[in-house]
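Trainee: build me a structure from this.
(one chain, ligands or ions: 2)
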Amino acid sequence: MSPQDRASAAMPAGGPRPAGRGPSNGQSSGPCDGPCDAAPLVRLVGIDKRFDRGGTQALRGLDLSIGAGEFVSLLGPSGCGKSTALRLLAGLERPTAGEVRWADAAARPASAAPDEPFEDDLAFVFQEPTLMPWASVADNVSLPLRIRHLPRAAIRLRVEEALATVGLSGFASALPRELSGGMRMRVSIARAMVTRPRLLLMDEPFAALDEITRLKLNDDLLALWRRRRFTVVFVTHSVYESVYLSQRIVTMAARPGRIVAEQRIDGPSVRDEAWRTSEAYGEACRQASAGLHAAMAAGGAHVG
Ligand SMILES: Nc1ncnc2c1ncn2[C@@H]1O[C@H](COP(=O)(O)OP(=O)(O)OP(=O)(O)O)[C@@H](O)[C@H]1O
Ligand SMILES: [Mg+2]
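Mentor: Ligands and ions are numbered 1, 2, ... in the order given. All right, here's what the predicted structure looks like:
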């Protein structure tokens, strides 16, 4: 079976069709037109996840395809299994039933920047930056490369590039305690990007930041995504953030964790204040908010 055959075997013909997908407004919503029709990068198939400790059925019957180059948000109330789904994608948890199917490397898209091909399958950014407090910014960012035993000169170049990418050139020798919360999160993103991942998993990365810093990091993340064409799965509790950033919102309900709605966001290719203040954005927020409220009601109705 060719890589392409295997990739299409991982997903129904034509790719996933989100339930909430509406008519397109004709604008591109990101680096790949029609992201839901893009070749699949990874798919969660019939996933059940039960934790022995506490006996929690964290996920039941979860089916989710992530298209290569897509920006997908997972939105849902606390405890609906968003982090568990990310951890399954990252291979940090094993499903009780079902499987995580990856497209073959050959079926994945090339990077937009030919001199910066993807190297790693994935990187994870957590809510807390989780930096080593005793180590400089450069030492924190270079850690994944040092673990891989890359040559020192290559590491130095890659760290410089990653810090420039997140706007932290000039802070290589700073310690984490000398940085603001937003800057620490930028270091965490640089540490993820330094490995040139195909898939960036982000678990409420900006939740602890003030509004202004959060908006700025939203814009910087989008600019990075447009430039580097990686795939993002972004967990958030914020309707507004998910609509601002994503091409598709997957809404989950709890007890057991499951997908209850999907919404395609047909925003402009460059998202900025004009998008945030547009009627289309407001309407998408209303729809996502209704989906979230329905998910919360559904979760409450399934206690047990
Ligand atoms: N390691 C674990 N052991 C036992 N139960 C767990 C474990 N991890 C998660 N759970 C349970 O699984 C369910 C889903 O947890 P998860 O952390 O995925 O939710 P979440 O949607 O990310 O919530 P939040 O928005 O609060 O971060 C919860 O009931 C949680 O208590
Ligand atoms: Mg979580």
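
Trainee: touching ligand 1 at all, the longest helix seen in the chain?
Mentor: Counting residues, the longest helix in the chain under DSSP state H turns out to be helix 279-300. No: between helix 279-300 and ligand 1, judged by C-beta under 6 Å from any ligand atom, nothing touches; the nearest distance is 10.1 Å. Any C-beta I mention is one placed from the backbone N, CA and C, and that applies to glycine too.

Trainee: can you give the contact residues for that helix?
Mentor: With contact meaning C-beta atoms under 8 Å, 6 or more residues apart in numbering, helix 279-300 is reached by 20, 25, 75-77, 79-80, 239-240, 242-244, 249, 251-255, 260-261, 263, 265-267, 275.

Trainee: list only buried entries from those residues.
Mentor: 20, 75-77, 79-80, 239-240, 242-244, 249, 251-255, 260-261, 263, 265-267, 275 (16 or more other C-beta atoms under 10 Å).

Trainee: inside helices: which ones of the contacts of helix 279-300?
Mentor: 239-240, 242-244, 275.

Trainee: as TSV, these with distance to residue 144 and pLDDT would be great.
Mentor: Formatted as TSV, the ones in helices among the contacts of helix 279-300 follow (distance: C-beta to C-beta, whole Å; pLDDT from 0 to 100):
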residue	distance to residue 144	pLDDT
239	33	96
240	32	95
242	28	97
243	32	97
244	29	97
275	33	95
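
Trainee: coming back round to it: out of the buried ones among the contacts of helix 279-300, who's near ligand 1?
Mentor: Okay, of the buried ones among the contacts of helix 279-300 touching ligand 1 (C-beta under 6 Å from any ligand atom), that's 76, 79-80.

Trainee: strands - which of those residues land there?
Mentor: Among those, no member is found in strands (DSSP state E).

Trainee: now pLDDT and distance to residue 88 too, for those residues, in a markdown table please.
Mentor: What follows is those, written out as a markdown table (pLDDT from 0 to 100; distance: C-beta to C-beta, whole Å):
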| residue | pLDDT | distance to residue 88 |
| --- | --- | --- |
| 76 | 94 | 15 |
| 79 | 93 | 16 |
| 80 | 95 | 14 |
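
Trainee: ok, the closest residue to residue 177 other than its chain neighbours to ligand 1 distance?
Mentor: The shortest distance from residue 177 to any non-neighbouring residue, by C-beta to C-beta, 6 or more residues apart in numbering, is to residue 133 (6.4 Å). Separation of residue 133 from ligand 1 (C-beta to the nearest ligand atom, to the nearest Å) stands at 24 Å.

Trainee: quick check: residue 133 touching residue 179?
Mentor: No: with contact defined as C-beta atoms under 8 Å, residue 133 does not reach residue 179; the gap is 10.9 Å.

Trainee: the two - which one has more neighbours?
Mentor: residue 179 (18 against 8; other C-beta atoms under 10 Å).

Trainee: residues contacting whichever residue of the stretch 101-250 of the chain sits closest to ligand 1?
Mentor: Nearest to ligand 1 in the stretch 101-250 of the chain, going by C-beta to the nearest ligand atom, is residue 237, at a distance of 6.2 Å. By C-beta under 8 Å, 6+ apart, the contact set of residue 237 is 75-78, 204, 207.

Trainee: go through these and say which is closest to residue 155.
Mentor: residue 204 (29.3 Å; C-beta to C-beta).

Trainee: what's near enough to touch the closest one?
Mentor: Contact analysis of residue 204 by C-beta under 8 Å, 6+ apart lists 127, 235-237.

Trainee: now it: closest residue in space, sequence neighbours ignored.
Mentor: That would be residue 127: by C-beta to C-beta, 6+ apart, it lies 4.4 Å from residue 204.

Trainee: also residue 67?
Mentor: Of all residues not flanking residue 67 in the chain, residue 38 sits nearest, at 3.6 Å (C-beta to C-beta, 6+ apart).

Trainee: gap between the one you found and ligand 1?
Mentor: In terms of C-beta to the nearest ligand atom, residue 38 sits 26 Å off from ligand 1.

Trainee: you'd agree that residue is up against residue 69?
Mentor: Yes: between residue 38 and residue 69 there is a contact under C-beta under 8 Å: 5.5 Å.

Trainee: where does the stretch 51-200 of the chain dip in pLDDT?
Mentor: Filtered on pLDDT under 70, the stretch 51-200 of the chain yields the residue ranges 105-119.
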